[in-house]
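**Student:** Got a predicted structure plus its sequence, pasted below:
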Amino acid sequence: NAGVTQTPKFRVLKTGQSMTLLCAQDMNHEYMYWYRQDPGMGLRLIHYSVGEGTTAKGEVPDGYNVSRLKKQNFLLGLESAAPSQTSVYFCASSYSGTGRGPEAFFGQGTRLTVV
Amino acid sequence: AQKITQTQPGMFVQEKEAVTLDCTYDTSDPSYGLFWYKQPSSGEMIFLIYQGSYDQQNATEGRYSLNFQKARKSANLVISASQLGDSAMYFCAMREGAAGRRALTFGSGTRLQVQP
């Protein structure tokens, strides 16, 4: 059972380059999220989606764009990478309701370095 | 304003002892969920335990229990009989809203080190 899969696991970018991080989930979850984690810190929400075709900004959305064209996929794009975007990126997904089974399932993370 | 506050950057505990990791939260929504996640040095996020705002009893999952004090807005994680493998970062998180339409908000974490 795959759960949440992030591609790629590691990437080094030059300042100004663009890239797309792919998140795929096979649990039929409605909600998907992108977080970044900087050294010694908690996870900060970049963007999230409550369903196919919908996205919303999180706490730190600047410099990122997202798309959710299919329910199982959530893409995070960096149009012009900056050194400040060096971080570990986590994708997560969850069901829409509260109650039993509300936890978010996380991918293994993508370590991105911008030089 | 911080929605989730974890005031202990680091904690030490002796193997086989119990430890409490503190978490306070801030919300005006009557319906919310509280979560604890573990992040070992390998980096993955592991779900530990969940408490809903309307749950009458404190949540328990094996050696993990959540000390939920609604009036004080605290949701402390208690780990009983600590093991060396419990050494990790621990994050408290909250999701607000009856329909769960808002995302998880995380605290800054507590690094737990279990000593033999």
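**Tutor:** Perfect, I can see it now.
**Student:** most centrally placed residue in chain A?
**Tutor:** For chain A, the residue nearest the mean C-alpha position is residue A:34 (2.6 Å; CA atoms, centre = their mean).
**Student:** just how off-centre is the helix or strand containing that one within its chain?
**Tutor:** Using DSSP states H and E, residue A:34 sits within strand A:31-37. Taking CA atoms, centre = their mean, to the nearest Å, one finds strand A:31-37 lying 4 Å from the centre of the chain it belongs to.
**Student:** Show me which residues of chain A are close to chain B?
**Tutor:** If contacts are counted using CB under 8 Å from any CB of the partner chain, the residues of chain A sitting beside chain B are A:31, A:33, A:35, A:41-45, A:48, A:50, A:58-59, A:88, A:90, A:92, A:94-99, A:102-106, A:108-109. C-beta coordinates here come from the backbone N, C-alpha and C atoms, glycine included.
**Student:** go with 6 Å
**Tutor:** Applying CB under 6 Å from any CB of the partner chain, one finds that chain A approaches chain B through A:33, A:41-43, A:45, A:48, A:50, A:96-98, A:102-104, A:106, A:108-109.
**Student:** Run through the chain and note the low-pLDDT ranges.
**Tutor:** With no chain named, the answer covers chain A. Across chain A, the ranges flagged by pLDDT under 70 are A:1, A:97-101.
**Student:** that's the other chain; I wanted chain B
**Tutor:** Where chain B drops to pLDDT under 70, the residues are B:1, B:98-102.
**Student:** Just the strands from it, written as ranges.
**Tutor:** B:4-5, B:10-14, B:19-21, B:24-25, B:32-39, B:46-52, B:60-61, B:64-69, B:74-79, B:88-96, B:105-106, B:110-115 (DSSP state E).
**Student:** ok, residues contacting the last one?
**Tutor:** Think strand B:110-115. Here strand B:110-115 makes contact (CB atoms under 6 Å, 6 or more residues apart in numbering or on different chains) with B:6, B:8, B:10-15, B:21, B:82, B:84, B:86-87, B:89-90.
**Student:** re the thing from before, mind putting the strands of chain B in JSON lines, mean neighbour count and distance to residue A:3 included?
**Tutor:** Formatted as JSON lines, these follow (neighbours: other CB atoms under 10 Å in any protein chain shown; distance: least, CB to CB, whole Å):
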{"stretch": "strand B:4-5", "mean neighbour count": "20", "distance to residue A:3": "25"}
{"stretch": "strand B:10-14", "mean neighbour count": "13", "distance to residue A:3": "29"}
{"stretch": "strand B:19-21", "mean neighbour count": "19", "distance to residue A:3": "26"}
{"stretch": "strand B:24-25", "mean neighbour count": "19", "distance to residue A:3": "27"}
{"stretch": "strand B:32-39", "mean neighbour count": "23", "distance to residue A:3": "15"}
{"stretch": "strand B:46-52", "mean neighbour count": "18", "distance to residue A:3": "11"}
{"stretch": "strand B:60-61", "mean neighbour count": "12", "distance to residue A:3": "19"}
{"stretch": "strand B:64-69", "mean neighbour count": "18", "distance to residue A:3": "21"}
{"stretch": "strand B:74-79", "mean neighbour count": "22", "distance to residue A:3": "23"}
{"stretch": "strand B:88-96", "mean neighbour count": "24", "distance to residue A:3": "18"}
{"stretch": "strand B:105-106", "mean neighbour count": "23", "distance to residue A:3": "20"}
{"stretch": "strand B:110-115", "mean neighbour count": "17", "distance to residue A:3": "25"}
